[in-house]
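K.L.:
from the sequence below, what's the structure:
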Amino acid sequence: MRAKRTRSPRRTESGEALTDLILTIFKSNVDLVDAAPLIARDPSMTAMRWQILNALKAEDKTAAQLGREMGISRQGALLSVQSLEDQGYVSLNDNAEDQRTKNVALTSAGLEKLNEVNSYQSAWVNQLATHFDKKQLDIAVDVVGKLRLLTLTSVSVVNERASRSTRNKASDSRDRDI
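P.N.:
Numbering: from 1, shown residues only. Just a heads-up that it's a prediction; the model follows:
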């Protein structure tokens, strides 16, 4: 027998609904990441590699810039960049602004691959979009965008408080040692 699901005593109704949304986003993210190679019709085209190719369409960027733009580490971006370079989709070029880093540039083969993958994605997303009304999608984008902004803001506040607390504890510890 399955237990009846009840709201957490600490969450409001809105808090419970937002938790459901967050959990749905987590699950959807996994599904979309897993679907990327299938949509691209290329088992080597991960969601991250696809995003990197799209990010390079407008301009060259460093691995650090790509990482910041995608919310991953420079090292994580660099791993995907190296794989894309091995496939001939990007090249690493000298960076006039910083001798220590390379600019990542889309090659003609990379642009061709990106256009191919994006055409597959267009057909796929247009079919999915028939299940929604544009107004619903606009509202969903606004809600998820606001959630992202509030999450980033609240997490930075929590991190700042934790850093302050750690600094204070270290200072207190040093004061006791004297």
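K.L.:
drop to CA atoms for contacts and neighbour counts, all remaining ones
P.N.:
OK.
K.L.:
quick one, strands of this structure?
P.N.:
90-94, 102-106 (DSSP state E).
K.L.:
of all those strands, which lies closest to Glu16?
P.N.:
strand 102-106 (42.8 Å; Cα to Cα).
K.L.:
least confident secondary structure element in this protein?
P.N.:
Using mean pLDDT, DSSP states H and E, the weakest-scoring helix or strand in the chain turns out to be helix 134-177, at a mean of 78.
K.L.:
could you dump the strands of the chain to a markdown table with mean pLDDT and distance to Arg10?
P.N.:
A markdown table is the format used below for the strands of the chain (pLDDT from 0 to 100; distance: least, Cα to Cα, whole Å):
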| stretch | mean pLDDT | distance to Arg10 |
| --- | --- | --- |
| strand 90-94 | 96 | 50 |
| strand 102-106 | 96 | 48 |
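K.L.:
any idea which of those gets closest to Ala77?
P.N.:
strand 102-106 (10.6 Å).
K.L.:
how about residues contacting the closest one?
P.N.:
53, 56-57, 59-63, 81, 89-95 (Cα atoms under 8 Å, 6 or more residues apart in numbering).
K.L.:
same question, stretch 138-152
P.N.:
By Cα under 8 Å, 6+ apart, no residue outside stretch 138-152 reaches it.
K.L.:
please repeat the previous calculation with a cut-off of 10 Å.
P.N.:
18, 21-22, 25, 134-137, 153-158 (Cα atoms under 10 Å, 6 or more residues apart in numbering).
K.L.:
just flag the most distant two among these.
P.N.:
Lys134 and Val158 (35.8 Å).
K.L.:
can I assume Asn115 is in contact with Asn54?
P.N.:
Yes: in this structure, Asn115 is within contact of Asn54 by Cα atoms under 10 Å, at 9.4 Å.
K.L.:
and Lys60, how close does it get to Leu38?
P.N.:
Slight slip there: residue 60 is Asp, not Lys. 27 Å (Cα to Cα, to the nearest Å).
K.L.:
do Ala58 as well
P.N.:
Counting by Cα to Cα - Ala58 and Leu38 are separated by 25 Å.
K.L.:
follow-up on the earlier one: could you dump the contacts of stretch 138-152 into CSV with distance to Gln127 and neighbour count added?
P.N.:
CSV is the format used below for the contacts of stretch 138-152 (distance: Cα to Cα, whole Å; neighbours: other Cα atoms under 10 Å):
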residue, distance to Gln127, neighbour count
Leu18, 28, 14
Leu21, 23, 15
Ile22, 25, 14
Ile25, 20, 13
Lys134, 13, 11
Lys135, 17, 9
Gln136, 16, 10
Leu137, 14, 12
Thr153, 35, 12
Ser154, 36, 12
Val155, 36, 12
Ser156, 38, 12
Val157, 41, 12
Val158, 41, 12
